[in-house]
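K.L.:
okay, predicted coordinates and the sequence, questions at the end:
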Amino acid sequence: MIIKVQKNVFIAIVVALFMIIGVAVTIVLNPGEGAASQNEIKESSTGLKEVASSSSGSEMKQTVSIGKVEIDVEPKQLGRTETKNIFAIALNTHSVELDFDFTKIIILEDNLGNAYQALEWTGNSGWHHVSGDIIFPPLNKDANEVTLTINEIEGLMRTFNWDVDK
């Protein structure tokens, strides 16, 4: 009887170890895959897959990590009364070239349907670690929400949403 109980305990321990090893191998072989599940993914009308992230209140900085590119976006200056709206953006990867004209692939839209073209990108491009500020013109005085969209990095479109307080 004691030998049978010990055998069952041994089998349970071996099975648990295999499960732990399997989970660890999955995490190591698929980095960043879990991050996509934390955000809403949908197909856009242009055929690009869209990943949406949203924030309100004190959660101003947003991060989306899909595939091999991690993107951090944080409003530095955002509001209806601002003369310009500024977002700090950082993109990091070790396998994709980030050689883009960010004033062309990043757009800001408000909840009223107005689209704002970027005026200036202050950062670098072309490397694996890109950061800078993207600057937009003033918002419509009645805007309550904005969506910043980054197009066509690894065939994906990423969106970030914020409430506009002032």
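P.N.:
Okay, I see it. Source: prediction; values computed, not measured. Numbering: from 1, shown residues only.

K.L.:
burial of Ala118, as a residue count?
P.N.:
20 (other Cβ atoms under 10 Å). Backbone N, C-alpha and C define where each C-beta goes, glycine included.

K.L.:
if you drop the residues flanking it in sequence, what lies closest to it?
P.N.:
Using Cβ to Cβ, 6 or more residues apart in numbering and skipping residues adjacent in sequence, the residue nearest Ala118 is Thr103, 4.1 Å away.

K.L.:
just Ser95 next, same as before
P.N.:
Lys68 (4.7 Å).

K.L.:
so what's the one you found up against?
P.N.:
32, 93-96, 154 (Cβ atoms under 8 Å, 6 or more residues apart in numbering).

K.L.:
wait, isn't Met157 in contact with Asn151?
P.N.:
Yes - counting by Cβ atoms under 8 Å, Met157 does reach Asn151; the two are 5.1 Å apart.

K.L.:
quick one on the thing from earlier: which pair of the contacts of Lys68 spans the longest distance?
P.N.:
The largest separation in the contacts of Lys68, counting by Cβ to Cβ, is between His94 and Glu154 at 13.1 Å.

K.L.:
who's more crowded, the two?
P.N.:
Glu154 (15 against 8).

K.L.:
that one contacts Val96, doesn't it?
P.N.:
Yes - Glu154 is within contact range of Val96, at 6.0 Å (criterion: Cβ under 8 Å).

K.L.:
now the common contact residues for those two.
P.N.:
Counting by Cβ under 8 Å, 6+ apart, the residues touching both Glu154 and Val96 are 68-69.

K.L.:
and Met80, how far is that from Ile21?
P.N.:
Residue 80: Arg, not Met. Distance, Arg80 to Ile21, by Cβ to Cβ, to the nearest Å: 54 Å.
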